[in-house]
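A.B. asks: Can you look at this prediction? I've put the sequence above it.
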Amino acid sequence: MTTAIFLAILNLALCTGRFLKTLFERRLITAAWFLLSYFGLFMLLLTIEGPFRFLQGFTAQYVYIKEPTITFASGYMLICNLLFFVSEYLAWRLLGRKVVEQWELPRRDTTLSVLKGILACFLVGGTFFYWTKMKGLGYTQYVELMGTNWPIVFFWASGPLISICALQRRYFFAAIGTIPFLFFAYKLQVRSFALLSLIPAVIIFVMQVLYRSALLTSKRKAFRIVAGGLLAMALLAVVSGFLTYTKSGKGGFPDAGLPYGMNMAIEGTQKTRVYTGWVSMRKYGENIVMPFYKLFNIELSRDIDTPTHIAHLIDGVPKLWPRYFHYPVLWYADAFVSFGNAGLLLGLLWGLIFSFFEYLIRRSALVLGLFLPFYVWHTYMFCRGATAIATVPFAYTFYVVLMVWCMATILGTLLGKKL
């Protein structure tokens, strides 16, 4: 396992180094590099542990993951991250000069007041109606899309209220706004609700601290900044671990087992030689234009999402099984199950997508506040391997927020102050 360990160490060094570099540059892609470092650490631990076996739930058969598969997976992960780095670095060198280095919004502004008022109505109304929809239901019903309709669209659309309050340094109001999101995260055992609320606020806070300390050169100050940022992320991990705590008393680091799942998916694909092709990317794009598909009665693709295919590889879930099984196990697995070795080239594509997305929402502090929750959701779901789900909030919620922004700008102008 020496080769696998060496590759995993190189991967962790690359991701951690890039995480620290982008953190001090105050880039949003820091979130992606933090997650890639996080999963890289558990991949390293897996390589140290060595070959393992797992029991397929539907076949009751053991599958053995041997050294060649682990070595291949370690190398695949390293090359994907290396290409991702090259792409996002070069793209940001071209685009980054045009962004606005601003992490604050004025506390008193007519347009902002109107905007926050509308979003506050979304928060209160969305909480009430979504609670009415999901009362008595749980995680299974959530993932099977029960109760997922307009109440959750407007509830999610209130997420920017928290980001805007954080940018105004109104941290108390931002904290109050996260309560309904964290409530549903705990009730449904779905951590993703924190992606639209708590985590964007923490990112803004960390970036504001770094921004204020950007001109300081004291080593002691630099150490405090890094330590503070890592502490904030550690606290997020603790909160996430609490939200994943189950009735059986099992908890721990969230998603720590995904590197194991990646090896299982790669092993199964190498045996079957069945690839899903452009399914993930097609569904990723369809979510963005979903309202227009519905408006013009364009039929959506009926392909099985790649993580559903991975559920068949890992657990032997029979096809057409009535219950929904969806196993995203890191974006490297999604790339390999989709295209095999050619999936490595997706690292270049994703680097461009992330840099361009960051470029769009860093044009002003207000745009950042409005769309940072979607960026955070997109980042986590991508790194986790749920490519299609990464654009789910863009299907309707994004357009609702866009319309609210336009309405607030018009009303703010009529009331006498243009932002």
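C.D. replies: Sure, I can see it.
A.B. asks: can we go C-alpha only for contacts and neighbour counts from here?
C.D. replies: Fine.
A.B. asks: So, low pLDDT: which residues of the protein?
C.D. replies: By pLDDT under 70, the low-scoring segments of the chain are 1, 138-141, 143-148, 213-252, 322, 416-419.
A.B. asks: Relative to the whole chain's centre, how far out is whichever strand or helix holds V206?
C.D. replies: Using DSSP states H and E, V206 maps to helix 198-212. The chain centre lies 17 Å from the centre of helix 198-212; the measure is C-alpha atoms, centre = their mean, to the nearest Å.
A.B. asks: and that helix, what other elements does it pack with?
C.D. replies: In terms of contacts (3 or more C-alpha pairs under 8 Å, 6 or more residues apart in numbering; DSSP states H and E), helix 198-212 is packed against helix 159-167, helix 171-188, helix 219-243, helix 365-384.
A.B. asks: Give me the most central residue, the protein.
C.D. replies: The centroid of the chain falls nearest to Y380 when counting by C-alpha atoms, centre = their mean (1.7 Å).
A.B. asks: Name all residues that make contact with that residue.
C.D. replies: A32, L35, L195, A390 (C-alpha atoms under 8 Å, 6 or more residues apart in numbering).
A.B. asks: count of residues packed around the residue nearest to the last one when sequence neighbours are not counted?
C.D. replies: So that's A390. Distances taken as C-alpha to C-alpha, 6 or more residues apart in numbering place H378 nearest to A390, at 4.4 Å, with adjacent residues excluded. By the criterion of other C-alpha atoms under 10 Å, H378 has 25 neighbours.
A.B. asks: Look up how far V86 lies from H378.
C.D. replies: Using C-alpha to C-alpha, to the nearest Å, H378 is found at 20 Å from V86.
A.B. asks: Please apply the same query to W156.
C.D. replies: Taking C-alpha to C-alpha, one finds W156 at 33 Å from V86.
A.B. asks: D303 too?
C.D. replies: Taking C-alpha to C-alpha, one finds D303 at 32 Å from V86.
A.B. asks: what's the angle from the one helix or strand L123 maps to to helix 365-384?
C.D. replies: Assessed by DSSP H and E, L123 sits inside helix 110-134. For helix 110-134 against helix 365-384, the angle by axes from the mean of the first three to the mean of the last three C-alpha atoms, to 10 degrees is 40 degrees.
A.B. asks: List the buried residues of helix 110-134.
C.D. replies: 110-112, 114-116, 118-120, 122-123, 125-127, 129-131, 133-134 (16 or more other C-alpha atoms under 10 Å).
A.B. asks: before we move on, the earlier item: buried residues, the helix holding V206. List them.
C.D. replies: Applying 16+ other C-alpha under 10 Å to helix 198-212 flags 198-211 as buried.
A.B. asks: for these, which one is nearest I48?
C.D. replies: Proximity to I48 was ranked across those by C-alpha to C-alpha; first place goes to I199, at 31.4 Å.
A.B. asks: ok, Y275 touching G340?
C.D. replies: Yes: in terms of C-alpha atoms under 8 Å, Y275 counts as a neighbour of G340; the distance is 7.1 Å.
A.B. asks: what do those two both touch?
C.D. replies: Joint contacts of Y275 and G340 (C-alpha under 8 Å, 6+ apart) do not exist.
A.B. asks: Now the residue nearest to E88 when sequence neighbours are not counted: which helix or strand?
C.D. replies: Nearest residue to E88, sequence neighbours excluded (C-alpha to C-alpha, 6+ apart): G351, at 4.2 Å. In this structure, G351 is located in helix 346-361 according to DSSP H and E.
A.B. asks: Please name every helix or strand in contact with that helix.
C.D. replies: Here helix 346-361 touches helix 67-95, helix 365-384, going by 3+ C-alpha pairs under 8 Å, 6+ apart.
A.B. asks: Beyond the last one, next helix or strand please.
C.D. replies: Using DSSP H and E, the helix or strand that directly follows helix 365-384 along the chain is helix 392-395.
A.B. asks: Just the CA trace of that following helix, in CSV.
C.D. replies: Presented in CSV, the C-alpha positions along helix 392-395 are these (Å, rounded to 0.1, in the frame of the first residue of the first chain):
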residue,chain,number,x,y,z
VAL,A,392,-31.5,21.9,-7.4
PRO,A,393,-32.0,25.4,-5.7
PHE,A,394,-31.4,26.9,-9.1
ALA,A,395,-34.5,25.2,-10.5
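A.B. asks: Which elements pack onto that helix?
C.D. replies: Where contact means 3+ C-alpha pairs under 8 Å, 6+ apart, helix 392-395 is packed against helix 279-288.
A.B. asks: Please consider this matter closed, and thank you.
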